[in-house]
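A.B. asks: Give me a model of this one.
(2 chains, ligands or ions: 2)
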Amino acid sequence: MPLDAIPVVIAPSGLRAGELSGNAPPLLREIAEMVRRLLASGETSAIDLQALPLTPADLEWLREQLGEGEIAVTLNADGESSLDETACPGVWWITHHNPMGAVVSAFIEVAFVPEVVKAHPEDVVIGLEHLELLISDLS
Amino acid sequence: MKGPLIETLARHGVTRRTFVKYCATLASMMALPPAAGRAMAEAMAAAPAASKRPSVIWLPFQECTGCTESITRSHSPTLEGLIFDVISLDYQETLMAAAGHQAEEALHAAMAANDGKYLLIVDGSIPLGLDGAYSCIAGKSNLETLKEVAKGAAAIVAMGSCAAYGGLPKANPNPTGAVSVADIIKDKPIINIPGCPPIPAVITGVLAHYLTFGSLPELDKHSRPKAFYGETIHDRCYRRPFYDQGKFAKTFDDEGARKGWCLFELGCKGPVTYNACATVKWNGGVSWPVESGHGCLGCSEPDFWDAGGFYKALSMPADPLKLAAKAAVVGAAAGVAVSFVNRGKKSAAKSAHEKTTLADLEK
Ligand code: SF4
Ligand code: SF4
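C.D. replies: Ligands and ions are numbered 1, 2, ... in the order given. Down below sits the predicted model:
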C-alpha cells in the first residue's frame, strides 16, 4: 500500500510561527558585545537559540540580518551539524541535528573558529599513526 | 580535553566532537548557559581512574526494571551510557556481573569506602505491608535496606514514578502498602525523576549535573528538576493550536484524529502533566505519545495511576496554576467551556480544594 493511501494530514506547525515576537533585534546588540569581547580578549561565547522565546520567523529574521559568510562547515557526528559563518566574521550559526535529522540544539557562537572544528592534538596523533602505517605499506 | 573517558568513547567509535556536541545539547536541554556544556564536557572527559570516580549505588525495590531499560536502551547507548564510565556504579543488580553474596559484599564495601559521599539511586517503591515481606533482597526487607544505605548517602535520586511517588504498586487498593522514598527518608536531599519510565536524557542530564557541579539542579515542589519538569506537556505540545481553536479529535479514527487535532477529549492529561516529552521526545527524538496519536497519561504526576481513566477527558482545560489557586471558580467556567466532554458524569473539582490532583480533574 503506498503511503499516500493513508489519509493522514500533517498538522501545520504553531499558529504564530510566522510572527515576529520582537525578541530578535536585541540579540544583535548582544552579539556585537560578544564580538567586542572576542576582539579585546579572545574570549569566545555562545547564545543558546533554543533557550530563548524566538519564533521561527524571529530566527529567520536574525539569520537574514546576520547574512551568509564564506565558510560553511558540515560536521558528521551522531547526526549532521552545520557550522556556518555569517556575513559578520567571527559570528557562527550552529545547528546540531540528531541521526534522525531533527534539530537537537542550535547556537550562535562567537569565535575565530568554532571550538569543535579544530582538530584535537590527540586525534592528530592518531591520524599521524595512520599515515605512518600507510607509508610502511608502500614499501 | 582529554582523559580516560574520551579514550573509552573512542574505542566505541564515539569521536571527541560527537561528545562535545552531546554535552552542548545536554546543557541546552537543561537550560544551562552554553558555557556549561563545555564545563560538562571537560569535567566528564577528565573523569579520574576507576578507583576515584564518584561512587553510585543503585537499589532496585518494587519495580519492573523499566527505568533501567529506559537508560540502557536509549538511542545512542554509548553516549547516554557514557555516564557509566564517569561514575563507579558499585551496585546495580541488573547490570552488575556479581551476584548473591558477592554482590552484597560489593554493596557494603562501597558503602564503607565512600561513607557520606556516595549517590544513591532508587528505582521502585517500598512495600510496608506484612513488615515489608513483599519485597526482600538478601534476606532484608526493602525498608531495612533503604534506611541502611540512605544513612551514608550524600543525596538520593528517586528514579521513576514508583520511587518518587509509590507508582503502580501503590495503585488502589495498594495491596503491598507501597510508599515512595521521600515517605521514609526525611533527612537527605532527594531528587525525584518521575516518569513511567523517565526519559533517558533526563536521567543522564541530572547525573551529569551532579557530577559536574557537585550539586543537584533546581527542584520544583515535587522535588523534580525544573529544567525538565518546568513546563507541562500541554505548554509545549505541537497540537496546542488546535486546542486553542477548539478543534478536538472525538475518537481515535475520526477526521479530527487524522488531521492531528488536539487529543484533550480522548483523555490527554497533557495540561496537568509536567514533563519534557513534547520537547525531548522519545527513542532518540523519533516521536512521543501525542505525536503518535495517543493522549498523555500523566505518568510524571503523583497518583496518575488512580486518576480515574486514561481515556476520560479532564474536566477542566489548561492552566493548572490557575486551577490550583481557584479550583472552584475556574471549574465552573471550564465546565461550560468543555461541557460537551463527558457531559453530566460528574461535577468539576470539589470546591475549596486547594491542591488540584489528577483525580479531582477527572469527570
Ligand atoms: S490537550 Fe494534549 S493533545 Fe491537546 S494540546 Fe494539550 S497536550 Fe496537546
Ligand atoms: S506523554 Fe505523558 S504519559 Fe506519555 S511518557 Fe510523556 S508524560 Fe508520560
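A.B. asks: Off-centre distance for stretch A:96-113?
C.D. replies: The chain centre lies 4 Å from the centre of stretch A:96-113; the measure is CA atoms, centre = their mean, to the nearest Å.
A.B. asks: List the contacts of it.
C.D. replies: Residues outside stretch A:96-113 that contact it (CB atoms under 8 Å, 6 or more residues apart in numbering or on different chains): A:27, A:31, A:34-35, A:37-38, A:44-50, A:66, A:78-81, A:83, A:90-95, A:115, B:21, B:24-25, B:28-29, B:34, B:75-76, B:281, B:284-286. The way it works is simple: take the backbone N, C-alpha and C, and place the C-beta from them, glycine included.
A.B. asks: tell me the mean pLDDT over it?
C.D. replies: Per-residue pLDDT over stretch A:96-113 has a mean of 89.
A.B. asks: and it, which residues are buried?
C.D. replies: A:96-98, A:104-111 (16 or more other CB atoms under 10 Å in any protein chain shown).
A.B. asks: For the spatially most central residue of chain A, list each beta-bridge partner.
C.D. replies: What sits nearest the mean C-alpha location of chain A, by CA atoms, centre = their mean, is residue A:94, with 1.0 Å. Using DSSP bridges, the beta-bridge partners of residue A:94 come out as residue A:83, residue A:107.
A.B. asks: separation between it and residue A:120?
C.D. replies: 18 Å (CB to CB, to the nearest Å).
A.B. asks: ok, which stretches of the chain are strands?
C.D. replies: Let's take chain A. Assigned by DSSP state E, the strands in chain A fall at A:45-48, A:72-76, A:80-85, A:91-97, A:103-110.
A.B. asks: Wait, chain B was what I had in mind.
C.D. replies: Using DSSP E, strands in chain B cover B:55-60, B:88-92, B:118-123, B:126-127, B:136-137, B:140-141, B:153-159, B:178-179, B:190-193.
A.B. asks: which stretches of the stretch 51-200 of chain B aren't confidently modelled?
C.D. replies: Within the stretch 51-200 of chain B, the stretches with pLDDT under 70 are B:51-52, B:73-84.
A.B. asks: Can you name the residues of it sitting close to ligand 2?
C.D. replies: Selection of the stretch 51-200 of chain B residues close to ligand 2 by CB under 6 Å from any ligand atom yields residue B:195.
A.B. asks: By proximity to ligand 1, which residue of the stretch 101-250 of chain B wins?
C.D. replies: Here the stretch 101-250 of chain B gets closest to ligand 1 at one residue, residue B:237, 3.1 Å apart by CB to the nearest ligand atom.
A.B. asks: isn't that residue right up against residue B:290?
C.D. replies: Yes. Between residue B:237 and residue B:290 there is a contact under CB atoms under 8 Å: 5.9 Å.
A.B. asks: anything in contact with each of the two?
C.D. replies: Shared contacts of residue B:237 and residue B:290 (CB under 8 Å, 6+ apart): B:270, B:278.
A.B. asks: about what we covered before: distance to ligand 1 added to the buried residues of stretch A:96-113, as a markdown table?
C.D. replies: Below are the buried residues of stretch A:96-113 laid out as a markdown table (distance: CB to the nearest ligand atom, whole Å):
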| residue | distance to ligand 1 |
| --- | --- |
| A:96 | 26 |
| A:97 | 25 |
| A:98 | 22 |
| A:104 | 22 |
| A:105 | 23 |
| A:106 | 24 |
| A:107 | 28 |
| A:108 | 30 |
| A:109 | 33 |
| A:110 | 37 |
| A:111 | 39 |
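A.B. asks: so what are the domain limits for chain B?
C.D. replies: Listed domain ranges for chain B are B:52-229, B:233-306 (source: automatic domain parsing).
A.B. asks: which one of those domains lies closest to chain A?
C.D. replies: Proximity to chain A (CB to the nearest CB) singles out domain B:233-306 among these, at 3.4 Å.
A.B. asks: Quick check, central residue of chain B?
C.D. replies: For chain B, residue B:194 is the residue whose C-alpha lies nearest the centre (CA atoms, centre = their mean; 2.7 Å).
A.B. asks: could you measure residue B:36 against residue A:107, distance?
C.D. replies: Between residue B:36 and residue A:107 the distance is 12 Å, computed by CB to CB.
A.B. asks: got a list of what residue A:74 touches?
C.D. replies: A:80-83.
A.B. asks: what would these look like in JSON lines with distance to residue B:145, pLDDT and neighbour count?
C.D. replies: Shown next, in JSON lines, are the contacts of residue A:74 (distance: CB to CB, whole Å; pLDDT from 0 to 100; neighbours: other CB atoms under 10 Å in any protein chain shown):
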{"residue": "A:80", "distance to residue B:145": "47", "pLDDT": "92", "neighbour count": "14"}
{"residue": "A:81", "distance to residue B:145": "45", "pLDDT": "94", "neighbour count": "26"}
{"residue": "A:82", "distance to residue B:145": "50", "pLDDT": "94", "neighbour count": "15"}
{"residue": "A:83", "distance to residue B:145": "50", "pLDDT": "95", "neighbour count": "20"}
